[in-house]
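J.: Provided below for reference: sequence and predicted model.
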Amino acid sequence: MSDVAVMSPEWAQAYRHLWNGSAEIRQGAKDLTMLIEWRVQDADDQVAQLEIADGEAIYGGSQIEGRKPDFVLTATSNVWHRVAEGEIGVASAIATRKIKFVGPIKVAMANMAVLSAGLRLVGQVDGLVWGD
């Protein structure tokens, strides 16, 4: 497997398969339809989107032209790495702005369990290079 930069379009394609392979995440997100944008702070080439429809990840890749994401999550690669390892909790990372979060916070808080489970998958992509 070749190197895959975290939050790159290639990462998003692989992450989509991990998302769909998790019964816990798909069940927890079954009522959610949204477009999520993931960013590595200060790395313009590390931006990816994941589209969820009724809990299923139907798209993972580069930014979709003309579509505004429902949620944007931005952090340094080091913070993404620490969140994926469980060293930093998702709610804490958002509350302390280690993860800069743009979107309806009430929706995120109401779905914190699935958001946390999804963020733990971030580091499970084969060939992942953190860059931190």
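T.: That came through fine. Residues are numbered from 1 along each chain as shown.
J.: Ramachandran angles for Gly21?
T.: Reported as degrees, to the nearest 10, the phi and psi values for Gly21 are phi -80, psi 0.
J.: How many residues are close by it?
T.: The tally of other residues near Gly21 (other C-beta atoms under 10 Å) stands at 12. Heads up, the C-betas are built off the backbone N, CA and C, glycines and all.
J.: His17 now?
T.: His17 - counted by other C-beta under 10 Å - has 12 other residues nearby.
J.: Against Ile25, how distant is it?
T.: Distance check for His17 against Ile25: by C-beta to C-beta, to the nearest Å, it reads 12 Å.
J.: all helices for this protein, in order.
T.: Across the chain, reading from the start of the chain, the helices by DSSP state H fall at 9-20, 23-28, 77-84, 90-95, 105-110, 112-120.
J.: Averaged pLDDT, the fourth one. What do you get?
T.: Confidence for helix 90-95, expressed as mean pLDDT, is 91.
J.: contacting residues for the closest residue in space to Val40 that isn't next to it in sequence?
T.: In space, Val40 comes closest to Gln46 once its chain neighbours are excluded; the distance is 3.7 Å by C-beta to C-beta, 6 or more residues apart in numbering. Taking C-beta atoms under 8 Å, 6 or more residues apart in numbering, we find Gln46 in contact with 5-8, 39-40, 77, 131.
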